[in-house]
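> Predicted model follows, preceded by the sequence.
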Amino acid sequence: MRSRRGIPVPMADGTTLPTDHYRPSGGGPGPTVLVRSPVGRIPMGLLYGQYFTRHGFHVVVQETRDALHATGSWQGPEGEREDGLATVDWMWQQPWFDGTFVMYGSSAQGHTQWTLAHGVPECRAMSVQICAADLSQAVFPGGAFALESALFWCVSRDHTRLATLPHRVRRALASGRPLDELDTVGGGKPVPAYQELLDSQDPGSALRTRIDARHLVDAATVPVHMVAGWHDVFLPGQLRDYGALRAAGHRPYLTIGPWSHCDRRMLPTALREAAAFFRSHLTPGTDPLRPSPVRLYVTGAGQWRTYPDWPPPPAVRPRAWYLLPGGGLGPLPPRGPEPPSRYRYDPADPTPVPRGPVVFGDSRPEDCRPLEGRPDILVFTSDPLPAPLEVVGPVTAEVFLRSSREHTDCAVRLCDVHLDGASVNVCEGVRRLTPADGDGVRRVSVELWPVAHRFAAGHRLRVHLCSGGHPRIARHSGGADLRDGGGVLLPAEQEIFHDVGRPTAIHLPLHAVGHEHVETARAPDHADELPQWAADFTLPTAAGPATELW
């Protein structure tokens, strides 16, 4: 591999964006992998360069304007498209460019790809990992505020002492201070991007409109490859993007593994599948793709499987499991009038949450038993399963709730209770309620994380119902303002109904085994380590002006 780093590539307004070019050992013209990155060029750009040049690609890794200014915000799809087109014009001027390119990248690097996914004939394919076109859905899940991820992201983009950042942010999250002070507690000063998020409660706000690129998914014309993680913050939005592509007549390829947002185990899969996908669309017939476009890792079963689509038809059928009086959970609805279950949510002692999807940090499921004794968490448990039960697809809950507050949260969690009693979280979701949702007993629909999970024979299903998930989800103050209601914390008295006329239930997509292909060998992409070439590479000192390295 040869490389040239720090090339100033001119944009239409005269701004130059630092860009690295990696060329394969042959050095002649060939297809290019384009990575446009709002999070800098190193180290991931160097790793991409090492991998794709080994497969004969040129690689161009460019910092976007957001990376230059480290704002933690976004200039919006229109500006990104203009810069992307200027970069394509620059590539045409290079002797090594053969007139075709593909796009690659994860997270923020994935978001920028959608801006060139239509009307650019040179672009032949794209590969998006752990990213959704609408970023606001991950920041405001169910209308709540993803505090931990938002604070980490915004402070990290505006903070140079990264080594101490995790400690400082976690100290801020545990401080109990109002939301609009946490960026100062965590980073030492107010962070404009974080404050802008707090001002964007309205789904129609300028910021949320600016970071929503779903219209670009609808307009996409290039073939799309996706890699997602069951424990990633962007999974629900990424699967909505998949559904939008399918509705438009496309056949995207999708892989979902047992990964979180910053999980290094995902990288071998993402790189290997992307290279095969790119070759198949640049030189058809040279690298045939797998027959079934959807590949899922089924947690609880430890198996990789392939399917024709997501959700996998025709094997998935929703089935209600009802929350029963006395803490029961089962497939038969309540049969008569029953008193509601009650709990008190106190924002001064916000309901904690087990590990789960966050941008930075450990997202692996864990034993939830330490939380289940809290009086602000209702627990409903099934009888032991007589046979394995598989759930593959989207999960929703329908909750009949009455609150003493017009503004409150409703959170639902599904757990797998093992034979030793460990209660391991499988998926969860939250819904923020306002007066627009009605008064009295409200019928609340909660969207949980999608899943592919096997509950083993003898295991039990368990559902948690509560009104918080701190610090992953910002505590609800009881008022209308996201910013802790001006410091006033209002407890809520909550009632959950489970009677014949108001049957609170979780809806599980039950899967009939036999409609999928099971990979019999242990998949290499489920190894704990990266391939040796990736594990051994070392980073050079960051270059300033354009530097020749060949």
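On my side now, so go ahead.

> contacts and neighbour counts: CA atoms only from here.
Noted.

> so what's the residue nearest to the spatial centre of the chain scoring on pLDDT?
The chain has Phe234 as the residue nearest its centroid, 1.7 Å off, counting by Cα atoms, centre = their mean. You'll see Phe234 listed with a pLDDT of 97.

> I figured it hits Asp134, correct?
No. In this structure, Phe234 is not within contact of Asp134 by Cα atoms under 8 Å, at 9.0 Å.

> can you give me the helices for the stretch 301-450 of the chain?
Applying DSSP state H, counting those that start in this stretch to the stretch 301-450 of the chain gives no helices.

> In contact with the residue nearest to the centre of the chain: list those residues for me.
Contacts of Phe234 were listed using Cα atoms under 8 Å, 6 or more residues apart in numbering, and they are Ile130, Cys131, Ala132, Leu135, Gln137, Ala138.

> now swap in Thr19 and tell me
By Cα under 8 Å, 6+ apart, the contact list for Thr19 reads Arg5, Gly6, Ile7, Pro8, Val9, Arg41, Val60, Val61, Gln62, Glu63.

> burial count for Pro388?
When counting by other Cα atoms under 10 Å, one arrives at 12 neighbours for Pro388.

> before we move on, what about Pro337?
Other residues within reach of Pro337, judged by other Cα under 10 Å, total 12.

> okay, now the closest residue to it other than its chain neighbours: neighbour count?
Counting by Cα to Cα, 6 or more residues apart in numbering, Pro337 lies nearest to Asp499, which is 5.1 Å off, once chain neighbours are set aside. Residue crowding around Asp499 was assessed by other Cα under 10 Å; the count is 21.

> Residue ranges in the stretch 351-500 of the chain under the pLDDT threshold?
Within the stretch 351-500 of the chain, the stretches with pLDDT under 70 are 485-486.

> ok, now the chain?
Within the chain, the ranges that satisfy pLDDT under 70 run 67-75, 158-163, 314-316, 485-486, 513-517, 520-550.

> Show me where it has its helices.
44-54, 65-69, 77-92, 108-111, 136-139, 147-157, 165-173, 182-187, 192-198, 206-210, 214-219, 235-247, 267-282, 532-536 (DSSP state H).

> quick one: contacts for the nearest residue in space to Gln201 that is not next to it in sequence?
Using Cα to Cα, 6+ apart and skipping residues adjacent in sequence, the residue nearest Gln201 is Leu482, 7.1 Å away. Remark: with contacts taken as Cα under 8 Å, 6+ apart, Leu482 is in contact with Phe145, Leu179, Leu198, Gln201, His476.

> what about the fourth one, how many neighbours?
By the measure other Cα under 10 Å, the count of residues near Gln201 is 19.

> From the contacts of Thr19, which land in strands?
Secondary structure defined by DSSP state E assigns Arg5, Gly6, Ile7, Pro8, Val9, Val60, Val61, Gln62, Glu63 of the contacts of Thr19 to strands.

> can you put those in CSV and add distance to Ala213 and neighbour count?
Formatted as CSV, those follow (distance: Cα to Cα, whole Å; neighbours: other Cα atoms under 10 Å):
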residue, distance to Ala213, neighbour count
Arg5, 30, 23
Gly6, 29, 21
Ile7, 29, 18
Pro8, 27, 15
Val9, 25, 18
Val60, 23, 26
Val61, 22, 28
Gln62, 20, 29
Glu63, 19, 23
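
> and of those residues, the nearest to Glu338?
Glu63 (60.0 Å; Cα to Cα).

> what about Ser445, distance to Ala411?
10 Å (Cα to Cα, to the nearest Å).

> Now list whatever residues contact both of the two.
Jointly contacting Ser445 and Ala411 under the rule Cα under 8 Å, 6+ apart are Arg431.

> So for the two, which sits in the more crowded spot?
Taking Ser445 and Ala411 together and counting by other Cα under 10 Å, Ala411 has the greater number of neighbours (22 against 16).

> quick one, what contacts the residue lying closest to Asp287 once chain neighbours are set aside?
In space, and not counting its chain neighbours, Asp287 is closest to Ser280: 5.2 Å by Cα to Cα, 6+ apart. Contact analysis of Ser280 by Cα under 8 Å, 6+ apart lists Thr286, Asp287, Pro288, Leu289.

> do you know how far Ser280 is from Pro288?
Per Cα to Cα, Ser280 is found 6 Å from Pro288.

> Could you do Arg355 as well?
Going from Arg355 to Pro288 by Cα to Cα gives 39 Å.

> Have a look at these two and say which one is more surrounded.
For Arg355 versus Pro288, the count of surrounding residues by other Cα under 10 Å is larger for Arg355: 17 against 12.

> residues contacting the closest residue to the more buried one other than its chain neighbours?
Spatially, and ignoring its direct neighbours in sequence, Arg355 is nearest to Ser363 (5.3 Å; Cα to Cα, 6+ apart). By Cα under 8 Å, 6+ apart, the contact set of Ser363 is His231, Asp232, Ser260, Arg355, Gly356, Pro357.

> Kindly report the same for Val185.
Residues near Val185 by Cα under 8 Å, 6+ apart: Arg168, Val169, Arg171, Ala172.

> what do you get if the cut-off is 6 Å, keeping everything else the same?
Ala172 (Cα atoms under 6 Å, 6 or more residues apart in numbering).

> same check, this time on Glu398
Counting by Cα under 6 Å, 6+ apart, Glu398 touches Val444, Ser445, Thr504, Ala505.

> what do you get for Thr381?
The contact partners of Thr381, by Cα under 6 Å, 6+ apart, come to Gly328, Leu329, Leu461, Arg462.

> Would you mind measuring from it to Ala348?
Relative to Ala348, Thr381 is positioned 28 Å away (criterion: Cα to Cα).

> One more: Trp90?
Separation of Trp90 from Ala348 (Cα to Cα): 56 Å.

> Can you get me a residue count around Ser156?
Burial of Ser156 is recorded as 21 neighbouring residues (other Cα under 10 Å).

> re earlier: only the buried subset of the contacts of Ser363, as a PyMOL command please.
To isolate the buried subset of these in PyMOL, counting by 16 or more other Cα atoms under 10 Å, use the following:
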select buried, resi 231+232+260+355+356+357
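
> tell me which of the contacts of Ser363 is nearest to Gly300?
Checking these against Gly300 with Cα to Cα, the nearest one is His231 at 14.1 Å.

> The closest one is in contact with Ser260, isn't it?
Yes. Judged on Cα atoms under 6 Å, His231 makes contact with Ser260 at a distance of 4.5 Å.
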